[in-house]
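**Q** Predicted model and sequence below, questions to follow.
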Amino acid sequence: MVDAAHYLQIYDPELIYSWTPREFKNFIKGAQHRMIDDYEKMAKSAFYHRYAMNAKNAKEKKLFDADKARKRLDAGSEDWKDSRKPSVSIDKYRKAKEAMDKYMKSISKEGKADEA
């Protein structure tokens, strides 16, 4: 009953005893997940604050694009929380990774030839 008061802020014994043990555990688990989400929000807020204080040209859309999130949510997308302007384009990342892989292979081939 202490957990119900602490995590759920519910103090009515009749309501608490009307739940099955499984329901009670699920309510507690849900409340604990909410606490984890709150900590995550605080951590993101700290990073956003740090970025805003240290960036030369801080822009809100680099952190979170609310218009994009609204459009994704209205379209039924589950990944609306990831709505931000990416700092690196995906195509540039893939090309750079490809070039780096080729370079690493050439280095490993040269190293084996030197050892022989």
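**A** Received, thanks.

**Q** longest helix anywhere in this structure?
**A** Of all segments of type helix in the chain, defined using DSSP state H, the longest is helix 21-54.

**Q** Tell me how the protein divides into domains.
**A** As recorded under automatic domain parsing, the domains making up the chain are 1-54, 59-85, 88-116.

**Q** low-confidence ranges in this protein?
**A** In the predicted model, the chain carries pLDDT under 70 at residues 80-81, 83-88, 111-116.

**Q** Is residue 56 part of a helix or strand, or is it coil?
**A** Three-state secondary structure (criterion: DSSP: H, G, I helix; E, B strand; the rest coil) places residue 56 in coil.

**Q** Quick check on it: phi, psi?
**A** With angles defined as degrees, to the nearest 10, residue 56 shows backbone torsions of phi -70, psi -50.

**Q** Please report how far it lies from residue 62.
**A** In this structure, residue 56 and residue 62 are separated by 12 Å, where distance is defined by Cβ to Cβ, to the nearest Å. Every residue, glycine included, has its C-beta placed from N, CA and C.

**Q** more neighbours, those two?
**A** More neighbours surround residue 62 than the other of residue 56 and residue 62, with 16 against 4 (other Cβ atoms under 10 Å).

**Q** Please, which helix or strand holds that one?
**A** Under the criterion DSSP states H and E, the helix or strand holding residue 62 is helix 60-63.

**Q** Identify each buried residue in that helix, please.
**A** residue 62 (16 or more other Cβ atoms under 10 Å).

**Q** what comes up buried for the helix or strand following that helix?
**A** For helix 60-63, the succeeding helix or strand toward the C-terminus, using DSSP H and E, is helix 66-74. Within helix 66-74, the residues that qualify as buried by neighbour count (16+ other Cβ under 10 Å) are 69, 72.

**Q** and residue 32, how many neighbours?
**A** Residue 32 - counted by other Cβ under 10 Å - has 12 other residues nearby.

**Q** before we move on, what about residue 4?
**A** Summarising burial for residue 4: neighbours were counted as other Cβ under 10 Å, giving 20.

**Q** doesn't residue 24 make contact with it?
**A** Yes - at 7.2 Å, residue 4 and residue 24 qualify as touching, with contact defined as Cβ atoms under 8 Å.
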